[in-house]
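> Here is my input, please return the structure:
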Amino acid sequence: MAIHPSAIVDPSARIHETAEIGPYCIVGAQVEIGERTRLMNHVSVEGPTWIGADNLFYPYASIGHASQDQKYHGEYAETRIGSRNNIREFVTIHRGTEGGGRVTSIGDDNLLMAYVHVAHDCCVGNGTILSNAATLGGHVIVEDFARISAYSGVHQFCRVGRHAMVGGYCVVTQDVPPFSLSSTEREIKVYGANKVGLERKGYAPEVIQALHKTFRLLGSRELNTRQAVERIRAEVAPCAEVDEVIGFIESSERGIIK
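Have a look, this model is predicted:
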């Protein structure tokens, strides 16, 4: 394996023979790094942390360190990162806590741009993009293919649904429905379906149209959320994606952005 002489690697760390540990990296105990994963330089990884294959960590990323949650007192907790992720400069990913299941997890094929922060007990799915300085509070769930734009912050315990896109400089304090496009002036609002993103993923025009009508009803000033859901069930052509939006709304504990 390629470990630079200036790197500090704990003897108990398990590094695959095809992985690469660059100059001035620090890899602690109880760290496992998979095939062809590369730590470029000045990357710090503290265990217990499991990292899969073909990941690329850019300089000054900080992975698996203790939570900033003041309730955390050193109890056993983990960080798990899948495969084919790009983790850019100065990204911080903190381990879990006892109050959140003890695991912070990142799936596969994600791009975390510079200065992204993933706090304790977050669960980030697959194929997501977190743009520069996007910040996830503790216990946040980001579902597959979601996009969170630069300098946006997601409040603790919120969810961002599949294929949702959150615009720049948003403050997200409630759940963001799947397939939605959200932006902000003074407060974050849903403006409709994430049409461009869904087209790129090959969703059929009739599905996108059904989602557009769904979000139009949800955004109606004349309807509360319960009434909007009733209208959606009655008026929108049924499809799995609309059912997913309805299920997301009905399972939300913090309410949804409208």
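
> okay, CA-based contacts and neighbour counts for the rest of this
Noted.

> any idea how far residue 9 is from residue 23?
The spacing between residue 9 and residue 23, counted by CA to CA, to the nearest Å, is 11 Å.

> residues touching residue 53, list them.
Taking CA atoms under 8 Å, 6 or more residues apart in numbering as the definition of contact, the neighbours of residue 53 are 33-37, 82-84.

> same check, this time on residue 103
Residue 103 sits next to 77-80, 95-97, 120-122 when contact means CA under 8 Å, 6+ apart.

> on that earlier part again, a markdown table for the contacts of residue 53, including distance to residue 217?
Shown next, in a markdown table, are the contacts of residue 53 (distance: CA to CA, whole Å):
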| residue | distance to residue 217 |
| --- | --- |
| 33 | 47 |
| 34 | 47 |
| 35 | 48 |
| 36 | 48 |
| 37 | 46 |
| 82 | 38 |
| 83 | 39 |
| 84 | 38 |
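
> Pick out whichever of those residues sits closest to residue 45.
Comparing the contacts of residue 53 against residue 45 with CA to CA places residue 33 closest, at 9.9 Å.

> My understanding was that the closest one contacts residue 50; is that so?
Yes - in this structure, residue 33 sits in contact with residue 50. The criterion is CA atoms under 8 Å, and the distance is 6.3 Å.

> tell me, how many neighbours does residue 181 end up with?
Residues near residue 181, counting by other CA atoms under 10 Å, number 23.

> Model confidence for residue 186, exactly?
On pLDDT, residue 186 comes in at 57.

> now the helix or strand of the chain with the lowest mean pLDDT, how far from the chain's geometric center?
Least confident helix or strand of the chain, by mean pLDDT, DSSP states H and E, is strand 188-193 with a mean of 79. Computed by CA atoms, centre = their mean, to the nearest Å, the chain-centroid distance of strand 188-193 equals 19 Å.

> so what secondary structure elements neighbour it?
Other helices and strands packing on strand 188-193, by 3 or more CA pairs under 8 Å, 6 or more residues apart in numbering; DSSP states H and E, are strand 180-184, helix 205-218.

> And the contacts of that strand?
With contacts defined as CA under 8 Å, 6+ apart, strand 188-193 is touched by 170-172, 179-183, 208, 211-212, 215-216, 219, 257-258.

> Tell me who's in contact with the residue nearest in space to the middle of the chain.
Centre of the chain computed as the mean C-alpha position; nearest residue by CA atoms, centre = their mean is residue 124, 3.4 Å away. With contact taken as CA under 8 Å, 6+ apart, residue 124 is in contact with 105-107, 141-144.

> Report pLDDT for it.
The predicted structure scores residue 124 at 98 on the pLDDT scale.

> Now do it against residue 138, distance only.
If you measure residue 124 against residue 138 using CA to CA, the figure is 12 Å.

> Highest mean neighbour count out of the helices and strands packed on strand 188-193?
Among the helices and strands packed on strand 188-193, judged by mean count of other CA atoms under 10 Å, the one packed with the most neighbours on average is strand 180-184 (a mean of 22).

> That strand pairs with which strands, and in what direction?
Sheet pairing for strand 180-184, assigned by DSSP bridges, gives strand 165-166 (parallel), strand 188-193 (antiparallel).

> Just the mean pLDDT for the shortest one, thanks.
So the one you mean is strand 165-166. If you average the pLDDT over strand 165-166, you get 96.

> That strand: how far from the chain's middle?
Once both centres are worked out by CA atoms, centre = their mean, strand 165-166 turns out to sit 12 Å from its chain's centre.

> what's the answer for stretch 40-58, then?
So, by CA atoms, centre = their mean, the centroid of stretch 40-58 is 17 Å from its chain's centroid.
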